[in-house]
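Participant: Prediction below, plus the sequence it came from.
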Amino acid sequence: MPHETQLYEDIPTSRWPIVYSTDYNITFIGLEKLHPFDSGKWGKIINFLRDEKLITDDTIVTAKEATEDDLLVVHTRRYINKLKWSFVVATITEIPPLVLLPNFLVQRRVLKPLRTQTGGTIMAGKLAIERGWAINVGGGFHHCSSDKGGGFCAYADITLAIKFLFERVEGVSKATIIDLDAHQVLDYTVVESSFTDFVHRLVSDFRLQSYIRFCCAFSSVCYFSFGIMRSYGEECTV
């Protein structure tokens, strides 16, 4: 029996299936600038769309933070506990000075934004089934598996979104991950080891398969990227 979660609550049809929260953005006394990754890019995307009058705050969905119970759908208790050590988070985010900070600050200023983005990806999965498409402005943490993080990826949001769908949405039994990032990803082994017969992975390291059955993309424009989730009957493309 799936656990109770706030991430699958009904969303008014007046809102576009575009998921975002101001909590996505990571800022903490300038430490975020020690990494080449733009940890405020998600807000820049939304500000651009607002400036172009394409969205308003009332027309998008506010992401909710994934709880520990949500994360344990994929992650091991051992891994969740490891994130309570600042050294581990510093290694995952590749920001060494985080080692010197008490973990409650690291949780609040670094991991909470990543948990909120993870919640957004799970919410986008449900919305994609209901509406036919959905976008989470954040997420896409493809360097994380059930018991290991890296490359600024602390939570396996893509795998979580798929497992939530498999467990909670009737008729969804297959998923395709098409990753168009410009390098080989680390791991989707959580999905593949658990659902070998159901999940197919297409990974692009500038060697995308010549045949793609389902239409979906991870787009990158200048300083930002976002994931599109689209459903096709019983198969969901991420």
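Facilitator: Arrived safely, thanks for sending. Nothing here was measured: the structure is a model prediction, and the numbers come from that model.

Participant: Tell me where the model's unsure across the protein.
Facilitator: Counting by pLDDT under 70, the chain has low-confidence residues at 29-37, 181-238.

Participant: Ramachandran coordinates for the residue nearest in space to the middle of it?
Facilitator: Nearest residue to the geometric centre of the chain (C-alpha atoms, centre = their mean): Gly139, 2.8 Å. Phi and psi for Gly139, reported as degrees, to the nearest 10, are phi 80, psi -160.

Participant: quick one: it from Lys82, how far?
Facilitator: Relative to Lys82, Gly139 is positioned 21 Å away (C-beta to C-beta, to the nearest Å). No exception for glycine: its C-beta is placed from N, CA and C like everyone else's.

Participant: my guess is Phe166 meets Leu160, correct?
Facilitator: No. The criterion here is C-beta atoms under 8 Å, and Phe166 misses it with Leu160 at 10.8 Å.

Participant: Neighbour count for the two, which is higher?
Facilitator: More crowded of Phe166 and Leu160, by other C-beta atoms under 10 Å: Leu160, with 28 against 19.

Participant: secondary structure element for that one?
Facilitator: Leu160 belongs to helix 157-168 when assigned by DSSP states H and E.

Participant: Send me that helix as PDB with only the CA atoms.
Facilitator: Extracted C-alpha coordinates of helix 157-168, given in PDB (Å, rounded to 0.1, in the frame of the first residue of the first chain):
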ATOM      1  CA  ASP A 157      13.800  12.700  -8.700                       C
ATOM      2  CA  ILE A 158      13.400  11.000 -12.100                       C
ATOM      3  CA  THR A 159      13.300   7.500 -10.700                       C
ATOM      4  CA  LEU A 160      11.000   8.700  -7.900                       C
ATOM      5  CA  ALA A 161       8.600  10.200 -10.400                       C
ATOM      6  CA  ILE A 162       8.400   6.900 -12.300                       C
ATOM      7  CA  LYS A 163       8.100   4.700  -9.200                       C
ATOM      8  CA  PHE A 164       5.300   6.900  -7.900                       C
ATOM      9  CA  LEU A 165       3.500   6.500 -11.200                       C
ATOM     10  CA  PHE A 166       4.000   2.700 -11.300                       C
ATOM     11  CA  GLU A 167       2.600   2.400  -7.700                       C
ATOM     12  CA  ARG A 168      -0.200   4.900  -7.800                       C
END
